[in-house]
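J.: just the structure for this:
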Amino acid sequence: MKDYGLLTDGDKVMVGLSGGKDSLALVSFLAERKKVFKPKFEVVATHISVDIVPYSADIDYLREFCESRGVPFIHEHTNFEIDENNQKNVCFLCSWYRRKKLFQVAQEQQCNKIALGHHRDDLFETLMMNMIFQGTFATMPPLLQMDKFPITIIRPMAKLSEADLREYAEEQQFKKMKKNCPYEHESNRAKVRQIVEEMKALNPEADASIWNSMENIKADYLPRPIIQDKKQTR
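T.: Numbering: from 1, shown residues only. Predicted coordinates for the structure are as follows:
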């Protein structure tokens with residue numbers, strides 16, 4: 001949080017609480033951090049249920065988890081229509097509508113920041129996904145100011161590994177959320193995750209190397225096409 005200036009005095013942060021180990025850990029960490037006077041900030045957690053996609057999150061558990069840590073809990077619903085002829089986009093639509101609802105609730109609650117539980121492995125996988133499928137060198141940054149909303153996205157756990165979070169969740173005995181999505185299938189992200197794991201097997205220091213590559217971009221050693229001025233070519 002200090003490296004990327006994620007929090008400032010007076011912030012009101014909404015945590016996107018899915019109910020998985022990562023978002024539970026994020027609520028726990030921020031609840032502890034807000035006890036420190038500076039920077040002084042508020043935290044509220046929101047769980048979005050998508051009515052058409054059956055995820056069996058234990059709402060009572062999530063509410064008790066948050067309130068026991070002094071974090072108000074909000075439960076909202078959203079929905080969308082599924083095009084039976086194009087089911088491969090259901091995961092995208094589910095994510096998009098949940099995110100849209102999260103922004104709406106954040107504005108209603110006068111939150112200026114939304115905290116998401118992405119960890120280091122998520123950033124690596126997104127980096128590889130963008131390189132392989134989008135042709136861009138980009139990932140999910142720890143801090144992102146939205147263009148269309150007066151809200152900033154923060155990812156306080158960006159430098160934590162999934163293995164560390166898994167160990168923490170076991171230590172804290174987090175209740176596992178049962179996931180029964182009928183549209184869940186093997187995705188490209190799952191395949192990319194395997195590639196990242198193979199990179200780690202190849203080099204025990206791969207985590208540090210991949211992270212440093214994102215902060216140490218040497219543009220002079222990358223292809224740079226010449227863009228001619230249209231006025232000069234007339």
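J.: so the residue nearest the centre of the chain, which of the three states?
T.: In the chain, the centroid-proximal residue (CA atoms, centre = their mean) is H118; its distance is 3.7 Å. Look at H118: counting by DSSP: H, G, I helix; E, B strand; the rest coil, its state is coil.
J.: which strands and helices sit next to the longest helix seen in the chain?
T.: For the chain, the helix with the greatest residue count under DSSP state H is helix 90-108. Helices and strands touching helix 90-108, by 3 or more CB pairs under 8 Å, 6 or more residues apart in numbering; DSSP states H and E, are strand 11-16, strand 41-50, strand 73-78, strand 113-115. C-betas here are computed from N, CA, C, even on glycine.
J.: reformat these as TSV; add distance to T139, mean neighbour count and mean pLDDT.
T.: Shown next, in TSV, are these (distance: least, CB to CB, whole Å; neighbours: other CB atoms under 10 Å; pLDDT from 0 to 100):
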stretch	distance to T139	mean neighbour count	mean pLDDT
strand 11-16	18	22	98
strand 41-50	24	21	95
strand 73-78	26	16	94
strand 113-115	17	24	98
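J.: can I get these in JSON lines with distance to L160?
T.: Below are these laid out as JSON lines (distance: least, CB to CB, whole Å):
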{"stretch": "strand 11-16", "distance to L160": "15"}
{"stretch": "strand 41-50", "distance to L160": "18"}
{"stretch": "strand 73-78", "distance to L160": "23"}
{"stretch": "strand 113-115", "distance to L160": "13"}
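J.: what pLDDT does L144 get?
T.: With respect to pLDDT, L144 has a value of 96.
J.: how far away is it from P204?
T.: 31 Å (CB to CB, to the nearest Å).
J.: so those two - more neighbours on which side?
T.: Ranked by neighbour count (other CB atoms under 10 Å), L144 and P204 place L144 first, with 14 against 8.
J.: part of a strand, is the more buried one?
T.: Yes: in this structure, L144 lies within a strand as judged by three-state DSSP.
J.: am I right that it is in contact with T152?
T.: Yes: assessed by CB atoms under 8 Å, L144 is found in contact with T152 at 6.8 Å.
J.: which ones are touching P156?
T.: Going by CB atoms under 8 Å, 6 or more residues apart in numbering, P156 touches 1, 6, 26, 29-30, 115, 142.
J.: let's go with 7 Å and repeat that
T.: 1, 6, 26, 29-30, 115 (CB atoms under 7 Å, 6 or more residues apart in numbering).
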